[in-house]
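> Just a sequence and a predicted model for now, questions to come.
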Amino acid sequence: MSKTTAASRKRDIAPPTTAGPVDGAPAVSPQAEPSVSVRELDIAFGAHRVITGLDLDIAPGEFLVLLGPSGCGKSTLLNAIAGLLDIADGEIWIDGRNVTWAEPKDRGIGMVFQSYALYPRMSVEKNLSFGLRIAGLPRAEIDARVKRVADLLQLDGLLKRRPAELSGGQRQRVAIGRALVRNVDVFLFDEPLSNLDAKLRNELRVEIKKLHQRLGNTMIYVTHDQIEAMTLADRIAVMRGGVIQQLGPPKEIYRRPVNRFVAGFIGSPSMNFFAGRLEKTGTGLCVKLGDVDVPLDRYGFLAQPEAGREVTFGIRPEHVGLGEAPAGHFAIKGKVELVEAMGADTIVWTSLAGHPLTIRTDGETEIRPGQTIEFGFDPANACLFDAETDLRL
Amino acid sequence: MSVGTASPRGPHRESAALAFRGTAGSNDSVPARQRGKSAERGRRPRQLTAGRIGLYCFVAVAAVFFLLPAVVMVLTSLKTMPEIRSGSIFALPASLDLAAWAKAWSSACTGLDCEGIRVGFWNSVIITAPSTVFSIAAGALLGYALSFWRVKGADILFAVLLLGAFLPYQIFLYPMVRAFSMVGLYNTLLCIIIVHVVFGLPIMTLIFRNFYAGLPVELFNAARVDGGGFFRIFWNVMLPMSTPILIVAAILQITNIWNDFILGLVFAGRENLPMTVQLNNVVNSTYGEREYNLNMAATILTAAVPLLVYFVSGRWFVRGIAAGAVKG
Amino acid sequence: MAAAHRRTFNTATLVLVPFWLVVLAAYVGTMLWTVQISFTASKLLPVNTYVGFYQYERLFSSTRWIVTMQNAVIFGVLFIGGALVLGFLLAVVLDQRVRFENTLRTIFLYPYAMSFIVTGLIWQWLMNPGLGIQKAVRGWGWTGFSFDWSVDRDMALYALVLAGLWQASGLVMALMLAGLRGVDDEIWKASRIDGIPPWRVYLFVIVPMLRPLIVTAVVLLAISVVKAYDLVVALTNGGPGIATELPAKFVMDNLFTRQNIGLATAAATVMLITVAAVLVPWIYAEYFRKARKGAAT
């Protein structure tokens, strides 16, 4: 099933992913009307174009993560969906309504901000109910909704407190609660966890995931943290320079990055890259990296390329194995230059064809710098990109 | 700027930094290694170096320079005229004589009126209170609008206001006088209040704009998602957070308006002359013998309100200076 | 939908309308009106008989105005320079872990809280030739001592400077102290490791770091030079003779007592041009160039 209903207009850079079934895809029928739909969006700050011709459809109940480095336009896109900034051109539809010119409050969205953005002089209860009071809801209705959200997020004991009297985690729960009381179908999260320390971040990440499973709302979540993206998302949109580079389920993004940028951005430590050239062998093609030939018989090309092409060869550190390689794998020897013990894992630095290569191995390894080791990988796990266009081959 | 940067650091950090520097100046004479081993143990003894003595001498001279005029002023106000004529300006009064104060307050003369400086005092109160309130309200509203709402031409409005803050009053005064005369407001209480609000607008707008620019824009965005409109967000979200800057603004405006001379002189009219104008009239245009003790008492009384604000507000006053000064 | 969107944005626009009106009328309008009058033959009341640059010719051929301008330059340089040096020294001293720091700061700054009228009257009394400090010091034996500056033709301008310094140095001190307290401790640690004497650090490291604050202080002080009217009125009233006339007072006198409106508005226009020539580039640099830079990121 092809669940990719959206793609950037710049199809030459980010073609719609056509890869086969990948587990973890949302159980959404492609016919369903999108919950949020962004069509040919242009955003400009003064003369500076930030986003040009961006298209994006998000299915009902989907958890979509906008991932990218700072300045890639992900927060700008989210703010545009929320109606917090003026767009230059295009349309935004939410739940079948064209909301391009609607006020934020009329869009049927709730939003959670990075800095929590709680009203400092109001109690938690007042924070939660502010929007409802503005909307003129009856008192009983407001109380009921606040109570339901407080139960859901375990905020019962905190309702009378001011934001300053809460911990960071509690504040962010209140901020999430403020989005929940609005009873809307779409939640927008703008880097909600990046102000928290590592431990709290993990806890809240799990809470957000559970919340999504329980409520089944559409969620659009902006982050620069790939772990958040991988763990939370049904689909990830990797952005750079205002353009969606790749849109797909986390595993697909990880396994089959469409270009070198996505390949390098996802994964830690990041993928090893080597410049090389495709050459003919007896059985097919190999990539020549300096004086090393890596056979590509097991590699799944999108389309069979011709020999002589300049390419970038990439292999993830976790896909490189130590010791004797199984048949069909590529194997070579190298000298260990550096060993970084990280607890559960160890990163071994060696070199391949004169360029540094990192290998992720288990934390128990006894490898020492200076040692010569044997290592190898399955070329099926590698990634090949055109050296000029950076697109996957 | 944010007003936060304007206030000095917290006391603990401050003292730690200073402690470190204080020792830096005093240890450059003897290399530590040449001293006996036992001398190097434990706490470094505090030395009184030449530099330190010079420092305190400078501080003392400066303190005298700044304090002396006030001391002389108080001493003079407590003396009788014969005492002033015969003795030194620094001499202590023979007895605590508050007669000059009483006379300055209730029967000092400007020309033929001998109602005392209290007339000016109450005029100043009546001018300062509404002027302060309205100029703060206007500045807060405009500062909020300029910080959070994208309105065409807002930059130009702000630039013109800034220019207005720095230009000499002389360029505006005469046409204003004519304009107020035309509508029949010239030389009224309302006139001087309007003038104070107009001329207070640039600085008030500036400090509120700077303050609101320092608040996270996400807060404003959150309120917009919650459905707040222009006034709702101002009243329910921004104003409750503005207490610090409201205090700063109040201090600035109370002292500015109370201390104003030129605007009161030109616009207030004979009936509403503020205290500064009346004081100058009492001291500089009395006929016959000058009563220096009375003059000094009247001067102290005029300075009393802003000084009270200064001493009570403490660091807030400094924040006011910095808030008005530091760029946005 | 479109209507709703536009309406909220209109609230803000609508709110700005009265402010625009006030600013256009009270600042721009009056300024243009002043300039207009300066090209007429107005004396007691404004008239519409245009005389070209006649008032400006009169202005610049009047000794009184020339002296006034000279006074403004001398007063301005000494007052701004003096307040900067004195204020900076006071700030540095207070930054040295002196005892009673809070008390001292209060003492250095309190004159700034008072009206220029009060300052002028205090110093007028201190410089009273018959009864002031001069008499007291002569009474101690220094019979040659003189401190009657406010009535001495040669010294009266310095009397203004002295009173101005007394009032405004505290302002510079407060600004600079805030700046010094904002200096990163690690600068001091690094300089100590490098063995640089503190005075050199202050002069060559700290002063450049405080440059924006110094510029701000200069602007604030310069404004008070241009606006200086009350201090002159209270301390010397322009005298003796015209020894302490300053531009602001020149304009005021010609406007309201000498009935020379054309000449006064010409002088005011000259003040305007002088100030604007300095101010416009500064405002642009301070408020708009930075704002642009910030918006781009």
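Good, I have the coordinates.
> give me every residue that touches residue C:84.
Residue C:84 is in contact with C:172, C:214, C:217, C:218, C:221, counting by C-beta atoms under 8 Å, 6 or more residues apart in numbering or on different chains. To be clear about C-beta, it is placed using only N, CA and C from the backbone, and glycine gets the same treatment.
> now those residues as a markdown table including distance to residue B:99 and secondary structure?
Below are the contacts of residue C:84 laid out as a markdown table (distance: C-beta to C-beta, whole Å; DSSP: H, G, I helix; E, B strand; the rest coil):
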| residue | distance to residue B:99 | secondary structure |
| --- | --- | --- |
| C:172 | 39 | helix |
| C:214 | 48 | helix |
| C:217 | 43 | helix |
| C:218 | 46 | helix |
| C:221 | 40 | helix |
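> Next, give me the two most distant ones among the residues you listed.
C:214 and C:221 (10.5 Å; C-beta to C-beta).
> These two: which is more packed in?
Between residue C:214 and residue C:221, counted using other C-beta atoms under 10 Å in any protein chain shown, residue C:221 has the larger neighbour count: 23 against 19.
> so residue A:384 sits right up against residue A:393, yeah?
Yes - counting by C-beta atoms under 8 Å, residue A:393 is a contact partner of residue A:384 at 4.4 Å.
> Flag every buried residue along stretch C:59-69.
C:59, C:64, C:65, C:67, C:68, C:69 (16 or more other C-beta atoms under 10 Å in any protein chain shown).
> That one close to chain B?
No - for stretch C:59-69, no contact with chain B is found by C-beta under 8 Å from any C-beta of the partner chain; the gap never falls below 12.4 Å.
> Which pLDDT value goes with the spatially most central residue of chain C?
Residue closest to the average C-alpha location in chain C (C-alpha atoms, centre = their mean): residue C:224, at 1.9 Å. Residue C:224 is assigned 88 on the pLDDT scale.
> on that earlier part again, what sits in contact with each of residue A:384 and residue A:393?
A:301, A:311.
> Between the two, which is the more surrounded one?
Neighbour count, other C-beta under 10 Å: between residue A:384 and residue A:393, residue A:384 has more, with 26 against 22.
> what residues go with each domain of chain A?
Following the TED database, one gets these domains for chain A: A:36-264, A:265-386.
> State the pLDDT value of the closest residue to chain A within the stretch 51-200 of chain B.
For the stretch 51-200 of chain B, the residue closest to chain A is residue B:150, as judged by C-beta to the nearest C-beta, at 7.6 Å. In this model, residue B:150 is scored at 81, pLDDT.
> So what does it look like in phi/psi?
phi -80, psi 100 (degrees, to the nearest 10).
> ok, so what distance separates it from chain C?
Separation of residue B:150 from chain C (C-beta to the nearest C-beta, to the nearest Å): 8 Å.
> Near chain B, which residues of the stretch 101-250 of chain A are found?
Selection of the stretch 101-250 of chain A residues close to chain B by C-beta under 8 Å from any C-beta yields A:103-105, A:109-111, A:113-115, A:117-122, A:130-131, A:134-135, A:178, A:182, A:190.
> Helix, strand, or coil at residue A:154?
For residue A:154, the assignment made with DSSP: H, G, I helix; E, B strand; the rest coil gives coil.
> typo on my end, it should be residue A:42
When classified by three-state DSSP, residue A:42 comes out as strand.
> Whatever residue of the stretch 101-250 of chain A ends up closest to chain C in helix, strand or coil?
In the stretch 101-250 of chain A, the residue that lies nearest chain C is residue A:101 (4.3 Å; C-beta to the nearest C-beta). Secondary structure state of residue A:101, per three-state DSSP, is coil.
> Over to residue A:57?
Residue A:57 ends up strand, using three-state DSSP.
> My guess is it contacts residue A:91. True?
No - using C-beta under 8 Å as the test, residue A:57 is too far from residue A:91 to be in contact (12.0 Å).
> Which neighbours do the two have in common?
What both residue A:57 and residue A:91 touch, as defined by C-beta under 8 Å, 6+ apart, is the set A:37, A:38.
> residues contacting residue A:169?
A:196, A:200, A:203, A:204.
> Dihedrals phi and psi, it?
Here the main-chain torsion angles of residue A:169 (degrees, to the nearest 10) amount to phi -70, psi -40.
> coming back round to it: closest to chain A out of the buried residues of stretch C:59-69?
Using C-beta to the nearest C-beta, residue C:69 comes nearest to chain A of those, at 43.3 Å.
> What residues of stretch A:180-190 count as buried?
Residues of stretch A:180-190 classed as buried by neighbour count (16+ other C-beta under 10 Å): A:180, A:181, A:182, A:184, A:185, A:186, A:187, A:188, A:189, A:190.
> Same question for stretch A:382-393.
Going by neighbour count (16+ other C-beta under 10 Å), the buried part of stretch A:382-393 is A:382, A:383, A:384, A:385, A:386, A:390, A:391, A:392, A:393.
> can you confirm the third one is in a strand?
Yes - the assignment for residue A:384 is a strand, going by three-state DSSP.
> Identify the bridge partners of it.
Residue A:384 forms beta bridges with residue A:313, as assigned by DSSP bridges.
> which residues does it contact?
Applying C-beta under 8 Å, 6+ apart, we find residue A:384 in contact with A:287, A:296, A:299, A:301, A:311, A:312, A:313, A:314, A:392, A:393.
> The third one contacts residue A:392, correct?
Read that as residue A:299. No - Residue A:299 lies out of contact with residue A:392 (C-beta under 8 Å); the separation is 10.9 Å.
> which residue ranges form the helices in chain A?
In chain A, the helices defined using DSSP state H lie at A:74-82, A:124-135, A:139-152, A:168-180, A:198-215, A:226-232, A:250-255, A:260-265.
> In a markdown table, list those along with distance to residue C:183.
Below are the helices of chain A laid out as a markdown table (distance: least, C-beta to C-beta, whole Å):
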| stretch | distance to residue C:183 |
| --- | --- |
| helix A:74-82 | 34 |
| helix A:124-135 | 38 |
| helix A:139-152 | 47 |
| helix A:168-180 | 30 |
| helix A:198-215 | 32 |
| helix A:226-232 | 38 |
| helix A:250-255 | 47 |
| helix A:260-265 | 39 |
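> and residue B:59, which of those helices is closest to it?
When the helices of chain A are compared by C-beta to C-beta, helix A:168-180 sits nearest residue B:59, at 44.8 Å.
> picking that back up, lowest-confidence member of the buried residues of stretch A:382-393, which is it?
In terms of pLDDT, the lowest of those is residue A:393, showing 86.
> residues contacting that one?
For residue A:393, the contact set (C-beta under 8 Å, 6+ apart) comprises A:301, A:302, A:303, A:305, A:309, A:311, A:384, A:385, A:386.
> how near is the residue lying closest to the first one once chain neighbours are set aside to residue A:143?
Nearest residue to residue A:301 in three dimensions, chain neighbours excluded: residue A:393, at 5.8 Å (C-beta to C-beta, 6 or more residues apart in numbering or on different chains). Using C-beta to C-beta, to the nearest Å, one gets 61 Å for the distance from residue A:393 to residue A:143.
> Against residue C:28, how distant is residue B:289?
In this view, residue B:289 and residue C:28 are 50 Å apart by C-beta to C-beta.
> and the two? which has more neighbours close in?
Shown here are residue B:289 and residue C:28; by other C-beta under 10 Å, residue C:28 has more neighbours (15 against 7).
> secondary structure element for the most centrally placed residue in chain B?
The residue lying closest to the centre of chain B (C-alpha atoms, centre = their mean) is residue B:255, at 4.5 Å. Element membership for residue B:255, per DSSP states H and E: helix B:243-259.
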